[in-house]
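Q: Build the 3D model from these lines:
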Amino acid sequence: MNYGSTYGAEGNLINENDVKSDSSTYFDWKTFSEVWLLDSRLEVIMLVSVLLNGMAAGIIFIFSNTVMPSLATLDPAVGINIMNTINGLIVNPLFIIAFFGGLISAYPAIKMWKNPNDFSMAARYYGITTTLVFFFGEFMVTCTQNVPRNNALLAVDPESESGVKYWEDDFLISWVAWNTARCVFSIIATVLGVLCLCHMRKP
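A: Below is the predicted model of the structure:
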């Protein structure tokens, strides 16, 4: 006897185990895309932006929460040299992508804004807002506040009185404050990006 077997409409022997095996390997991509908000290219780009914004917030947070407080406990000259080393090593392609890549939200934001009939007002406003918040709150703060202070720190003599004064009275206070600010803005941008995703299918 052929246990687990049956005959098809044309009399061919069909093994039920084979049928089960075939059905188990079938993957419903449509359902997967609907669950994970990947139904369109714009949603994929927005999701990537959300992930990158979150990565940027995490990188920034670890500096305000751990790295800078740790450096503050060291001898000023040692702290200055370590920070300068970090600033030199951290600027690389992967870091640039993780730190500023969230700005790709501008593409779906602009596309949605130009097609108001295809997307809800909430999705369009959240898309524009997450891009603007990240641009002004993270990118511009980095370029206008943190980078100039990094350059100034690189120019000081770690052993000099003026160098120590700049490190203790300026860098450890103002740099960290601006760093915390861009962390907050990055988190806000991440949340706005998530809200945008949630409304992208509701015209």
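Q: neighbouring contacts of the helix or strand where Val164 lies?
A: In this structure, Val164 sits in helix 161-166 according to DSSP states H and E. Surrounding helix 161-166, the residues in contact under the criterion C-beta atoms under 8 Å, 6 or more residues apart in numbering are Pro76, Ala77, Ile80, Ala152, Leu153, Val156, Asp157, Pro158. Heads up, the C-betas are built off the backbone N, CA and C, glycines and all.
Q: hmm, 7 Å instead?
A: Pro76, Ile80, Ala152, Val156, Asp157 (C-beta atoms under 7 Å, 6 or more residues apart in numbering).
Q: Now the third one: closest residue in space, sequence neighbours ignored.
A: Just to be clear, that refers to Ala152. Excluding its sequence neighbours, the residue lying closest to Ala152 (C-beta to C-beta, 6 or more residues apart in numbering) is Tyr166, at 6.9 Å.
Q: Near that neighbour, how many other residues are there?
A: Per other C-beta atoms under 10 Å, the neighbour tally for Tyr166 reads 20.
Q: separation between it and Thr180?
A: Distance, Tyr166 to Thr180, by C-beta to C-beta, to the nearest Å: 19 Å.
Q: Same question for Ile97.
A: Ile97 is 23 Å from Thr180, by C-beta to C-beta.
Q: Which one's more surrounded, those two?
A: For Ile97 and Thr180, the more surrounded residue by other C-beta under 10 Å is Thr180, and the numbers stand at 16 against 13.
Q: Next, the contact list for that one, please.
A: By C-beta under 7 Å, 6+ apart, the contact list for Thr180 reads Ser64.
Q: List the buried residues in the helix or strand encompassing it.
A: In this assignment (DSSP H and E), Thr180 forms part of helix 176-199. Across helix 176-199, burial judged by 16 or more other C-beta atoms under 10 Å covers 176, 178-197, 199.
Q: Just the CA trace of it, in CSV.
A: Only the C-alpha atoms of helix 176-199 are listed here, as CSV (Å, rounded to 0.1, in the frame of the first residue of the first chain):
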residue,chain,number,x,y,z
VAL,A,176,28.1,68.1,24.7
ALA,A,177,25.0,70.4,24.9
TRP,A,178,24.8,70.7,21.1
ASN,A,179,25.4,66.9,20.8
THR,A,180,22.5,66.2,23.1
ALA,A,181,20.4,68.6,21.1
ARG,A,182,21.0,66.8,17.9
CYS,A,183,20.3,63.5,19.6
VAL,A,184,16.9,64.7,20.6
PHE,A,185,16.2,66.0,17.1
SER,A,186,17.3,62.7,15.6
ILE,A,187,14.9,60.8,17.9
ILE,A,188,12.1,63.2,16.9
ALA,A,189,12.9,62.7,13.2
THR,A,190,12.8,58.9,13.7
VAL,A,191,9.4,59.0,15.4
LEU,A,192,8.0,61.3,12.6
GLY,A,193,9.3,58.9,10.0
VAL,A,194,7.5,56.0,11.7
LEU,A,195,4.3,58.0,11.7
CYS,A,196,4.8,58.8,8.1
LEU,A,197,5.1,55.1,7.3
CYS,A,198,1.9,54.4,9.2
HIS,A,199,-0.1,56.9,7.1
